[in-house]
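Trainee: A predicted structure for the sequence below; I have some questions about it.
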Amino acid sequence: MTTFDALESSVASSRPIELFRISIGTDTYRYTSSALPVTIGTDIYEPEAIARSGLQQSYGDSGRTVTITLPANNAFASRYIDIVPGQEATVDIFRYQRDEVP
């Protein structure tokens, strides 16, 4: 079996997908950059036109900004059109290789 590291570093075989888990209050949204749904355990990550900016490393929390872009009609994003969020959301991003998704 090919490992994640081998696939990740391969120019020809790398086929990354990302999973995004967004939690706010009691609501959780799960999206994937994959064209097909991805199931991890009992969680289903739905395909979405989702993108993120590059990750930057810095000391402490002050330089760690990641911008996530979603369509305006997305269920999570539409909650905040014309409204300032009252709660902070937590976003977990997982990167997998298509051939390594558990």
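Mentor: Yep, that arrived.
Trainee: Could you measure from the residue nearest to Ile50 when sequence neighbours are not counted over to Val84?
Mentor: Spatial nearest neighbour of Ile50, chain neighbours left out: Tyr31 (5.0 Å); criterion: Cβ to Cβ, 6 or more residues apart in numbering. C-betas here are computed from N, CA, C, even on glycine. In this view, Tyr31 and Val84 are 23 Å apart by Cβ to Cβ, to the nearest Å.
Trainee: more crowded one of those two?
Mentor: Per other Cβ atoms under 10 Å, whichever of Tyr31 and Val84 has more neighbours is Tyr31, with 22 against 5.
Trainee: Give the full set of residues in contact with the more buried one.
Mentor: Counting by Cβ atoms under 8 Å, 6 or more residues apart in numbering, Tyr31 touches 19-20, 22, 45-48, 50, 70.
Trainee: Kindly report the same for Pro47.
Mentor: By Cβ under 8 Å, 6+ apart, Pro47 lies in contact with 31-37.
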